[in-house]
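Enquirer: Prediction below, plus the sequence it came from.
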Amino acid sequence: MPELPEVETIRRSLDPLVVGRRIEAVEIRCRQLRRPLDKDFAGQLVGRAICATGRRAKYLLFGLDNGKSWILHFGMSGRLFLRRSFPAAGAGTAGKHDHVIVSFDDGAALVFHDPRRFGLMLVDEGTTCPLFDGLGPEPFDCDAFDGEYLKRLGRTTRRSIKDVLMDQRVVAGLGNIYVNEALFACGLRPRRRLSRLTRAQCNALVESCRRVLREAVEHRGSSISDFLDGVGRRGGYQYKHHVYDRAGEPCSRCGSTIKSVVIGQRSSFYCPKCQS
DNA sequence: GTAAACCTGGCA
DNA sequence: TGCCAGGTTTAC
């Protein structure tokens, strides 16, 4: 589910509600996420106050008062939401797939819910966590992610632009929705090889990624079927999608039928007339 | 590169 | 019943 805009939306919705609060208890109902939760996961959180929220790529971070961070990844189906008043641990009111419940001293709690359990959670240094080692630049980092960067990459790879932009080592935070939308925005087909793009096309591609992501954040993310922010609100950007999940529908710009192809095991969508 | 793996749920 | 899904990792 969550790509950069959704994670950022969750962060913004929770920031004013959790910063400054102290964690009183952590209930683990299922340790088995993408990787099993560390044995001491709960111990590293209990008693700590949350000082700040942050985001790196698709990871959400809660900065703690001991300098470490509670780091979460949502995989495909993860959610995090605040329950204003959560009954004591073991009260039996947690829902199915509510795997971890982090309670504050007034009874409110952050609930991590993840049916597919592709999510990830740990406590580590927010800056040097090994999970972040291989990540590429943030899309909004204009110094590191620019047309020249893509052009240079294109000299050493035969990969498609869809494949490259999906690669978190190249640029971190885009996923299937926003790569498809960014490619529509700059009129390039997903199968185009990066090596065949002109410098101007590389520049346009970078700008399209940033614009689509910025607009998606402004609309508080895309709720395709189940995305909700930290206080249970749906996003609105799904109504702005031009191609994602619109195979067979008319292009909003020219009326041609949106096509779908599979690239790297993921569905890709494009308008055969607007994109070349 | 491409496929399969990790999981559950929804839909045709 | 089978296929698909916002992601990532691992193995041919």
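Expert: It's in.

Enquirer: Could I get the contacting residues of the residue of the stretch 51-200 of chain A found nearest DNA strand B?
Expert: Proximity of the stretch 51-200 of chain A to DNA strand B (Cβ to the nearest atom of the strand) peaks at residue A:116, 3.2 Å away. C-beta: built from backbone N, CA, C; applies to glycine. Neighbour list for residue A:116: A:75-77 [criterion: Cβ atoms under 8 Å, 6 or more residues apart in numbering].

Enquirer: Could you export those as CSV, including secondary structure, distance to residue A:36 and neighbour count?
Expert: Below are those laid out as CSV (DSSP: H, G, I helix; E, B strand; the rest coil; distance: Cβ to Cβ, whole Å; neighbours: other Cβ atoms under 10 Å):
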residue, secondary structure, distance to residue A:36, neighbour count
A:75, coil, 14, 18
A:76, coil, 18, 13
A:77, coil, 18, 18
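
Enquirer: Excluding residues flanking it in the chain, which one is nearest residue A:113?
Expert: Counting by Cβ to Cβ, 6 or more residues apart in numbering, the nearest residue to residue A:113 once its immediate chain neighbours are dropped is residue A:79, at 4.5 Å.

Enquirer: pretty sure the one you found is touching residue A:115, no?
Expert: No. Using Cβ atoms under 8 Å, residue A:79 makes no contact with residue A:115, being 9.2 Å away.

Enquirer: neighbour count winner among these two?
Expert: residue A:79 (23 against 15; other Cβ atoms under 10 Å).

Enquirer: Torsion angles phi and psi at the residue of the stretch 151-276 of chain A found nearest DNA strand C?
Expert: The stretch 151-276 of chain A approaches DNA strand C most closely through residue A:175 (1.8 Å), counting by Cβ to the nearest atom of the strand. Phi and psi for residue A:175, reported as degrees, to the nearest 10, are phi -140, psi -160.

Enquirer: which residues touch it?
Expert: A:3-4, A:58, A:166.

Enquirer: Quick check, pLDDT for it.
Expert: Residue A:175 carries a pLDDT value of 98.

Enquirer: repeat for residue A:26
Expert: Residue-level pLDDT assigned to residue A:26 equals 98.

Enquirer: beta partners for it?
Expert: Beta-bridge partners for residue A:26, by DSSP bridges, are residue A:102.

Enquirer: and residue A:100, how many neighbours does it have?
Expert: 26.

Enquirer: ugh, typo on my part, it should be residue A:259
Expert: 17.

Enquirer: That one against residue A:246, yeah?
Expert: No. Look at residue A:259 against residue A:246 with Cβ under 8 Å: they stay out of range, at 9.8 Å.

Enquirer: which neighbours do the two share?
Expert: residue A:269.

Enquirer: and residue A:54, what is it in contact with?
Expert: So residue A:54 contacts A:11, A:60-63, A:69, A:126 (Cβ under 8 Å, 6+ apart).

Enquirer: can you tell me how far the residue of the stretch 1-150 of chain A found nearest DNA strand C sits from residue A:99?
Expert: The stretch 1-150 of chain A approaches DNA strand C most closely through residue A:1 (3.6 Å), counting by Cβ to the nearest atom of the strand. When Cβ to Cβ, to the nearest Å is the yardstick, residue A:1 and residue A:99 sit 15 Å from each other.

Enquirer: And these two? Which one has more around it.
Expert: residue A:1 (25 against 22).

Enquirer: so who does residue A:272 touch?
Expert: So residue A:272 contacts A:256-257, A:259 (Cβ under 8 Å, 6+ apart).

Enquirer: circling back to that earlier point, can the contacts of residue A:175 go into TSV with extra columns for secondary structure and distance to DNA strand C?
Expert: Putting the contacts of residue A:175 into TSV (DSSP: H, G, I helix; E, B strand; the rest coil; distance: Cβ to the nearest atom of the strand, whole Å) gives the following:
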residue	secondary structure	distance to DNA strand C
A:3	coil	5
A:4	helix	9
A:58	coil	4
A:166	helix	7
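
Enquirer: So which of those residues wins on neighbours?
Expert: Ranked by neighbours (other Cβ under 10 Å), the contacts of residue A:175 are led by residue A:4, which has 26 neighbours.

Enquirer: what's the closest non-adjacent residue to it?
Expert: Nearest one to residue A:4, counting by Cβ to Cβ, 6+ apart, is residue A:173 at 3.3 Å.
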